[in-house]
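Trainee: Could you work out the structure for the sequence below:
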Amino acid sequence: MQKLPPGPRLPKALQTAIVLRHWPRFVAWAQRRYGDVFTLRIASVGTVVYLTNPADIKTVFAGDPAVFHAGEANAMLAGLVGNSSVLLLDDDLHRDRRRLMMAPFARDAVARQSAAMSQIAAEDIAGWPVGVDFPVAPKMSAITLEVILRTVVGASDPARLAALRTAMPRVLGLGPWATLAIGSPGLMRHLPWRYVRRRIEQADRLLFAEIADRRADKDLAARTDVLSMLVRAADDEHRQMTDRELRDQLMTLLAAGHDTTATSLSWALERLTRHPEVLAKAVAAAEDSAAGDPAGDEYLDAIAKETLRIRPVVFDVGRVLKAPVDIAGYHLPAGVMVAPGIGLVHANPALYENPDRFEPDRMLGATPGPTTWLPFGGGNRRCLGATFAMAEMRIVLREVLRRVELSTTAAAGERQRVRHVILEPKHGAVIRVCSRRAPPAPVVATGPAAPADRCPVE
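Mentor: Next up, the predicted model:
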């Protein structure tokens with residue numbers, strides 16, 4: 001049995017450069033050229049075997065976590081999230097840490113944050129310009145950062161909250177040059193990367209101050225922010241997380257939950273403004289949702305799911321093999337990284353009819369399988385914050401659609417641009433607000449929703 005599937009014979013350095021610039025297009029080409037399983041060679045990552053068949057992906061997601069190491073695959077993030085981050089742990093350490101972190105992301109816990117999410121979104125939308133084109137991505141980034149600072153970190157001191165609003169984007173928005181030091185933290189000792197260390201240290205001081213405040217809070221038991229719940233969490237032996245472990249989890253949640261959700265929301269609005277009929281249904285659903293009609297929530301959820309299908313924020317997930325594995329007809333050696341190709345699966349016409357079309361209706365009443373719709377990964381490493389992210393997308397979309405009237409456009413869709421490991425709209429998801437609308441008082445819908453007003457097509 002062969003050890004490695006076929007793949008491009010280009011030098012590793014050239015493959016790396018192409019992936020950094022044209023990630024989705026390159027792997028889509030490789031699939032067309034070599035089939036559903038193929039090999040790439042990427043600097044700092046090594047040999048990567050892409051998998052696009054749901055049966056093979058199930059083998060990975062259901063496989064022995066001691067063999068399929070996701071933490072090791074995320075090692076390049078150590079300089080930012082820290083060595084005790086749940087993203088970087090494997091085996092029993094990962095299982096125990098994940099168990100401690102599950103409670104804040106349960107459905108009921110997330111529901112308690114809904115009002116805060118709604119208020120934060122409304123405050124930001126009130127400042128959006130009217131009658132001019134603008135990239136909505138920075139607006140979404142501001143909203144999702146504020147949501148995390150208030151509901152996850154639980155920051156309430158005005159001065160520290162303001163400092164975090166400044167410090168965290170400077171850390172989370174580091175460019176490609178800085179990411180070299182994130183992957184190799186020793187570089188931060190050298191002059192070209194010392195600014196990276198200074199930015200992280202500034203953010204750390206603020207996060208450690210929040211942790212200290214929480215430990216000293218006599219009302220800790222009544223607080224509902226994620227940090228408070230993590231401070232209270234204890235394992236079966238009554239062990240609680242140290243300050244450093246708490247810091248690493250906070251930085252993980254900030255890094256993994258802020259930019260990804262902001263980018264997904266940006267893509268959702270980019271898609272809606274190019275599909276007038278879907279936008280009209282979305283506006284009606286937003287009003288139904290505000291009135292307490294579950295059908296409104298269901299359609300907004302369908303928009304979120306379809307956005308994550310057609311524009312996944314990350315294109316794959318990785319597992320480093322710790323022992324040889326037979327998969328997809330190959331005997332893969334230890335040390336190889338297997339990568340379920342999220343974007344390739346989502347674009348498979350055998351799984352999704354007309355996969356290039358943005359059709360939220362396909363998600364209504366559907367329960368996509370864990371190996372055919374996998375924007376949050378899968379198996380024991382499925383994103384802890386998936387429920388939180390889906391709720392945030394639904395709530396923010398609802399507030400946008402109720403408060404402003406969006407112009408539709410006949411312009412071509414924005415292309416995907418690679419930034420770090422995220423695929424974002426090339427121009428920041430440019431939209432236009434025609435006018436503001438005063439949100440109606442929430443009432444229970446008694447009949448069909450009124451047709452939504454439409455802006456003229458550009």
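Trainee: thinking residue 245 is in contact with residue 81, fair?
Mentor: No - between residue 245 and residue 81 there is no contact under Cβ atoms under 8 Å: 11.5 Å. The C-beta positions use only the backbone N, C-alpha and C, and glycine is treated the same way.
Trainee: Look at those two and report which has more neighbours.
Mentor: Taking other Cβ atoms under 10 Å, residue 245 and residue 81 do not tie; residue 81 has more neighbours (23 against 19).
Trainee: so how far is residue 209 from the more buried one?
Mentor: 19 Å (Cβ to Cβ, to the nearest Å).
Trainee: One more: residue 123?
Mentor: 25 Å.
Trainee: Please apply the same query to residue 134.
Mentor: The gap separating residue 134 from residue 209 is 35 Å, by Cβ to Cβ.
Trainee: Could you report the pLDDT at residue 449?
Mentor: Looking at residue 449, its pLDDT stands at 40.
Trainee: Now do the contacts for residue 227.
Mentor: 152-154, 210-211, 214, 246, 250 (Cβ atoms under 8 Å, 6 or more residues apart in numbering).
Trainee: ok, now how distant is it from residue 178?
Mentor: Residue 227 is 26 Å from residue 178, by Cβ to Cβ.
Trainee: can you check residue 185 too?
Mentor: The value you get for residue 185 to residue 178, if Cβ to Cβ is used, is 12 Å.
Trainee: neighbour count winner among the two?
Mentor: Just comparing residue 185 and residue 178: by other Cβ under 10 Å the higher neighbour count belongs to residue 178, 21 against 17.
Trainee: ok, and the residue minimising distance to the centre of the chain, which helix or strand is that part of?
Mentor: Nearest to the mean C-alpha position of the chain, by Cα atoms, centre = their mean, lies residue 260 at 3.1 Å. Assigned by DSSP states H and E, residue 260 falls within helix 259-272.
Trainee: Over to residue 434?
Mentor: strand 430-436.
Trainee: and that strand with helix 259-272, angle?
Mentor: Relative orientation of strand 430-436 versus helix 259-272 (axes from the mean of the first three to the mean of the last three Cα atoms, to 10 degrees): 70 degrees.
Trainee: what about strand 430-436, distance to the chain center?
Mentor: Relative to the centre of its chain, strand 430-436 is centred 25 Å away, using Cα atoms, centre = their mean, to the nearest Å.
Trainee: which helices and strands does it pack with?
Mentor: Here strand 430-436 is seen to pack against strand 133-135, helix 259-272, strand 404-406 when contacts are counted using 3 or more Cβ pairs under 8 Å, 6 or more residues apart in numbering; DSSP states H and E.
Trainee: right, so these: which one is the most enclosed?
Mentor: helix 259-272 (a mean of 25; mean count of other Cβ atoms under 10 Å).
Trainee: how many degrees apart are the next helix or strand after that one and helix 259-272 in direction?
Mentor: Going down the chain from helix 259-272, the next helix or strand is helix 276-290, by DSSP H and E. Per the same axes, to 10 degrees, the angle that helix 276-290 makes with helix 259-272 is 120 degrees.
Trainee: I'd like the average pLDDT over stretch 104-121.
Mentor: Stretch 104-121 carries an average pLDDT of 96.
Trainee: Residues in contact with it: which ones?
Mentor: Here stretch 104-121 makes contact (Cβ under 8 Å, 6+ apart) with 103, 143, 146-147, 150-152, 224, 226, 229-230, 384-388, 391-392, 395-396, 398-400.
Trainee: Which of those fall in strands?
Mentor: Of the positions in the contacts of stretch 104-121, not one sits in strands, assigned by DSSP state E.
Trainee: from those residues, which would you call buried?
Mentor: Neighbour counting over those (16 or more other Cβ atoms under 10 Å) leaves 143, 146-147, 150-152, 226, 229-230, 384-385, 387-388, 391-392, 395-396, 398-400 as the buried ones.
Trainee: all helices of the stretch 201-350 of the chain, in order?
Mentor: Applying DSSP state H, counting those that start in this stretch to the stretch 201-350 of the chain gives helices spanning 226-232, 243-257, 259-272, 276-290, 294-310, 342-346.
Trainee: so what's residue 97 up against?
Mentor: 84, 86, 89, 245, 249.
Trainee: same thing but 7 Å
Mentor: By Cβ atoms under 7 Å, 6 or more residues apart in numbering, the residues touching residue 97 are 86, 89.
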